[in-house]
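A.B. asks: Generate coordinates for the sequence data below:
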Amino acid sequence: SISCKGALAQLCVLRVRRTALDKVPLPALRQMPQLTELDCSDNRLVEVPPQLVQLLPRLELLNLENNRLTVPSLDFRYSTSLRALLLGLNPLEYIPTLGPLTALVQAWSKLV
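C.D. replies: Numbering: from 1, shown residues only. Take a look at the predicted model:
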């Protein structure tokens with residue numbers, strides 16, 4: 001049998017949409033190094049820890065649409081896999097420096 005911890009370590013896609021999430025669960029995400037897609041859209045996030053991208057070295061798509069983000073402080077310097085960041089429907093004050101990203105989906109977001 002596969003333990004829960006072992007199963008989390010193999011998880012590739014995590015969708016936590018519409019769960020009233022107000023914080024990114026870093027301790028849980030540390031146990032999921034294989035994630036390639038993280039969908040935290042339609043929640044109540046006001047910030048995202050800068051080290052999130054570093055914790056998930058295989059992450060290719062990060063969906064943060066429809067939250068309450070104003071200043072996305074993600075650090076992309078060490079990201080080699082992330083290709084798409086979805087930030088639409090957030091009251092952004094600015095767009096972060098994108099580094100190696102090849103796509104930024106920022107539709108319907110109003111810059112304050």
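A.B. asks: can you pull out the helices in this protein?
C.D. replies: With helices called from DSSP state H, the chain shows them at 4-10, 26-29, 52-55.
A.B. asks: and the second one, which residues are buried?
C.D. replies: Think helix 26-29. Residues of helix 26-29 classed as buried: Leu29 (neighbour count, 16 or more other CB atoms under 10 Å). Yep, even glycine has a C-beta here, placed from its N, CA and C like the rest.
A.B. asks: want to try JSON lines for the helices of the chain, with mean pLDDT and distance to Asn90 as columns?
C.D. replies: Shown next, in JSON lines, are the helices of the chain (pLDDT from 0 to 100; distance: least, CB to CB, whole Å):
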{"stretch": "helix 4-10", "mean pLDDT": "79", "distance to Asn90": "28"}
{"stretch": "helix 26-29", "mean pLDDT": "94", "distance to Asn90": "20"}
{"stretch": "helix 52-55", "mean pLDDT": "91", "distance to Asn90": "15"}
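A.B. asks: of all those, which gets the most neighbours per residue?
C.D. replies: Ranked by mean neighbour count, the helices of the chain are led by helix 52-55 with a mean of 18 (mean count of other CB atoms under 10 Å).
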